[in-house]
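Asks: predicted structure and sequence below. I'll ask about it afterward.
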Amino acid sequence: MTMWRRLNPGLWSAFALAAAGVAVLNLLPIAWLGIGSLKEAGGGLGLGRYVELFERFSFAGVLVNSWIYALGTTVLSLAVGVTLAVLVARTDLPGKALVRFTALFAFVSPPWLTAMAYVFLASPNAGYLNLALDGLIGVKPLNIHSMPGMIYVSSLFLYAYVFLTVEAALAGLDGAYEEAARVAGASALTVIRRVTLPLVTPSLIAAAIFSLIIAWGLFATPAILGMPARIYVFATQLYLFLNGFPPRYEVAAAMGVMFCLVAFLLGGLLWLSRRRRDAARFAVIGGKGRRPSLLPLGRARPVATAFAVLVSVLAVILPYAITLWMSLNTAWFGGASLKDLSFGNFSYVLTG
Amino acid sequence: MSAVTVSHLVKAFGAVRAVDDVSFTLASGAVLGLLGPSGCGKTTLLRCIAGLETPDDGTIGIGPTTVFADRGRVLVPPERRDLGMMFQSYAIWPHMTVAANVAFGLKVRGWPGPKAATRVDEALDLVRLGGYGGRYPGELSGGQMQRVVLARCLAYRPALLLLDEPLANLDAHLREEMRAELRRIQRETGTTMIAVTHDQAEALALSDLVLVMEGGRVRQAADPRALHARPATPDIARFLGAVNRLDGRVRADGRVELAGGGDVAVSHTAAAGARVALYLRPGGLRLAAAGDAANGPLARVDSVEFLGDALRYRVSVGDRAVIVDQPAAGPEYGPGTTARLAVDGAAASCFPA
């Protein structure tokens, strides 16, 4: 206490400096954005940019697209990430190291790399997978330049975030909660549904909201996959306003304000989930708990293993392999044979 | 009818045989205490019976059902063994109300709501927590949580109740109260129980049969009184509180002559002339004035501790440290003085030395 008092003046100035820094770096740009978005073409302030945004640029459609994209990505990421987290943390799934490694790798991989790889793999006409399927069954069913394609590719990146968050929470959860439910007569699936997942609810909510926020901000994936098909989400529409001719800074500012509203909404949700009064109703996640004995998957083991391997292949192995292949390939798109491989593309990129 | 039959059970973790050839049968309605120091395999044995660990060999039968046999070719999962289990950490689900916790076992058994609610109320009444159903576990004290766990285990009336260190998390006075409560509830419901504990008083008070385990093996199986009176080995005697060792030799007339002086009548099977060791609890010894005609050797008083009703002396007999508890009333022997030990031969366990 005495030390606190003695340090008070110094701490005060440090706090003041930090607060001023936060204000300048965060609030000032937002204020400028707000003012810029209200500037009318003939001088003065008004809501004209917002009206124009919705009427001329059909911004409502972009909003809807953005929400479909963000929600779709979040739902798919949760489904894949939570399933894998439960499999790794609670069952005798083989190859857990591969699942963990894939998740880390997928999370640090740049989203544009996966998007680009899937252009090679699943573009409507020349994608390798489409060509292969054409040879097998006579149709080219895949189109990566679509909303499902965007959601799919983004989930291959975001599932890793969900997996890492939820798996960490499960690892810290005292196994006795689940064992007590087993002994009380609940099947393994009932235990997961009624005890395991409810107890890690905070981590599920956090993973879901962060996924939404990250998906709203993703640019590379919707740019590479969506723009060729004229599917615009927030980030790509903003890019067009800023880089079109003439650039429409005030419309972009209006859009930025709309984005801030969404961000505040999601941030508010996150804050609400953190300050729940009934925090005691979730298990204390600490180092004290013992892991429960691993659940034998039994007859489900091959299916679960295939799922885990498939995610690894789709999220990391296939994209990296195809990117490497294309980088060495000098023949145009898909002309694939070993004699076409060279470092020509690298020397072109490096020497110009 | 026997409620639990375990025979030649083996469970190894790597090179360590945590449970090593354990066999016992337990009658329906009886309480078995698994007693031993930490790491003796008692919890592993309990978890094997629960189905939370898979043994390597042996068989386990619960009621008429064989739940493990044939190295796992017969293996009934925990949820179909009709068990209740109390965990040391309670493991009350914090996201459910007390009533929902207690109703869980009924719900997964497909009981309809109103019928289950009646049974939940009965179970809460049994553990004297009537009216607490709407609360969340976070609002309960340690003793109340213990009662919730018990109600949760008993609501669906399992064939067998397993308890893993059931009282270890309670403070001393609550522990005794809960111990009596457990016994009362066991009598009222007639539930067969297996309780793991490292506390000998708990094991003796709760059980009809005690298995003393060490290194994965059963060292002694006896009812509490027999165990208390006749521990099978010096280690068990020490574990049961007989921490004092006095050395001696069997005389021709069968009495044991103690090193340092005195002789005592003890039940033993040793031949005349054999060296023996007597193990005694602190309460089996008394201090008397050095000049008194007590039956034991002289001892030097090292320290005295006042425990309220009793005095705890730490004394030396030769080079052996000995602890003596005696009523605080009566003369007190200060540190540094010499006193004579009085040995209660009937309370001593005698082993060949």
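Replies: Done, it's in. Numbering: from 1, shown residues only, chains lettered A, B, ... in the order given.
Asks: quick check: which element contains the residue nearest the centre of chain A?
Replies: Compute the mean C-alpha point of chain A, and by Cα atoms, centre = their mean the closest residue is residue A:158, 3.3 Å away. Applying DSSP states H and E as the criterion places residue A:158 in helix A:147-171.
Asks: now residue B:5
Replies: Assigned by DSSP H and E, residue B:5 falls in strand B:2-13.
Asks: which of the residues in the very next helix or strand once past that strand are buried?
Replies: Using DSSP H and E, the next helix or strand after strand B:2-13 towards the C-terminus is strand B:16-27. Buried residues in strand B:16-27, counting neighbours by 16 or more other Cβ atoms under 10 Å in any protein chain shown, are found at B:17, B:18, B:19, B:20, B:22, B:24, B:26. (C-beta placed from N, C-alpha, C; glycine too.)
Asks: okay if I get those as TSV plus distance to chain A?
Replies: Converted to TSV, the buried residues of strand B:16-27 look like this (distance: Cβ to the nearest Cβ, whole Å):
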residue	distance to chain A
B:17	18
B:18	13
B:19	15
B:20	20
B:22	19
B:24	20
B:26	18
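Asks: any idea whether residue B:128 is helix, strand or coil?
Replies: Secondary structure, DSSP: H, G, I helix; E, B strand; the rest coil: residue B:128 is coil.
Asks: quick one: contacts for it?
Replies: If a contact means Cβ atoms under 8 Å, 6 or more residues apart in numbering or on different chains, then residue B:128 has B:147, B:181 as its contacts.
Asks: one more time with 7 Å
Replies: By Cβ atoms under 7 Å, 6 or more residues apart in numbering or on different chains, the contact set of residue B:128 is residue B:147.
Asks: next, give phi and psi for the residue lying farthest from the centre of chain B.
Replies: Largest separation from the mean C-alpha position in chain B: residue B:291, at 40.8 Å (Cα atoms, centre = their mean). Per-residue torsions, residue B:291: phi -80, psi -10 (degrees, to the nearest 10).
Asks: find the nearest non-adjacent residue to it, please.
Replies: Excluding the flanking residues, the one nearest residue B:291 by Cβ to Cβ, 6 or more residues apart in numbering or on different chains is residue B:340, at 7.8 Å.
Asks: and the strand holding residue B:5, what does it pack against?
Replies: Strand B:2-13 is packed against strand B:16-27, helix B:42-50, strand B:57-62, strand B:192-197, with contacts defined by 3 or more Cβ pairs under 7 Å, 6 or more residues apart in numbering or on different chains; DSSP states H and E.
Asks: pairing partners for it, with directions?
Replies: Its sheet considered, strand B:2-13 pairs with strand B:16-27 (antiparallel), strand B:57-62 (antiparallel) by DSSP bridges.
Asks: is it possible to export those strands to CSV including mean pLDDT?
Replies: As requested, the strands paired with strand B:2-13 are arranged in CSV below (pLDDT from 0 to 100):
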stretch, mean pLDDT
strand B:16-27, 94
strand B:57-62, 95
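Asks: tabulate those strands (TSV), appending distance to residue B:216.
Replies: Shown next, in TSV, are those (distance: least, Cβ to Cβ, whole Å):
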stretch	distance to residue B:216
strand B:16-27	4
strand B:57-62	12
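Asks: tell me the pLDDT of residue B:180.
Replies: At residue B:180 the predicted local confidence, pLDDT, stands at 88.
Asks: okay, and it sits in which element?
Replies: Here residue B:180 is assigned to helix B:172-189, by DSSP H and E.
Asks: by how many degrees do that helix and strand B:192-197 diverge?
Replies: Interaxial angle, helix B:172-189 versus strand B:192-197 (axes from the mean of the first three to the mean of the last three Cα atoms, to 10 degrees): 160 degrees.
Asks: just the buried positions in stretch A:166-184, please.
Replies: Buried-residue list, stretch A:166-184, by 16+ other Cβ under 10 Å: A:166-167, A:169-170, A:172-184.
Asks: count of residues packed around the closest residue to chain B within the stretch 1-150 of chain A?
Replies: In the stretch 1-150 of chain A, the residue found nearest to chain B is residue A:92; the distance is 11.1 Å by Cβ to the nearest Cβ. If you count neighbours by other Cβ atoms under 10 Å in any protein chain shown, residue A:92 ends up with 14.
Asks: now it. Nearest residue, chain neighbours left out?
Replies: Looking at residue A:92 with Cβ to Cβ, 6+ apart, the closest residue is residue A:294, at 4.7 Å.
Asks: state the number of residues packed around the one you found.
Replies: 12.
Asks: separation between it and residue B:78?
Replies: 13 Å (Cβ to Cβ, to the nearest Å).
Asks: ok, residues contacting stretch A:79-90?
Replies: Residues outside stretch A:79-90 that contact it (Cβ under 7 Å, 6+ apart): A:93, A:96, A:99-100, A:155, A:159, A:162-163, A:166-167, A:170-171, A:192, A:196, A:204, A:207, A:294-295, A:304, A:308, A:311.
Asks: again, only this time at 6 Å
Replies: Residues external to stretch A:79-90 that are found in contact with it (Cβ atoms under 6 Å, 6 or more residues apart in numbering or on different chains): A:93, A:96, A:99, A:159, A:162-163, A:166-167, A:170-171, A:192, A:295, A:304.
Asks: and the furthest pair within those?
Replies: Within the contacts of stretch A:79-90, A:159 and A:295 form the most distant pair, 21.7 Å apart (Cβ to Cβ).
Asks: in terms of packing, which of these two has more residues around it?
Replies: Neighbour tally, residue A:159 and residue A:295, criterion other Cβ under 10 Å: the higher count belongs to residue A:159, 29 against 20.
Asks: pLDDT weak spots in chain A?
Replies: Within chain A, the set of residues satisfying pLDDT under 70 comprises A:1-7, A:41-43, A:57, A:274-291, A:330-341, A:352.
Asks: which residues of it lie near chain B?
Replies: When proximity is defined by Cβ under 6 Å from any Cβ of the partner chain, chain A lies next to chain B at A:176-177, A:179-180, A:182-187, A:198, A:280-281, A:283, A:293.
Asks: from those residues, which land in helices?
Replies: With DSSP state H as the criterion, helices contain A:176, A:177, A:179, A:180, A:182, A:183, A:198 from among those.
Asks: distance to residue B:56 added to those residues, as a markdown table?
Replies: A markdown table is the format used below for those (distance: Cβ to Cβ, whole Å):
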| residue | distance to residue B:56 |
| --- | --- |
| A:176 | 24 |
| A:177 | 27 |
| A:179 | 20 |
| A:180 | 25 |
| A:182 | 21 |
| A:183 | 21 |
| A:198 | 35 |
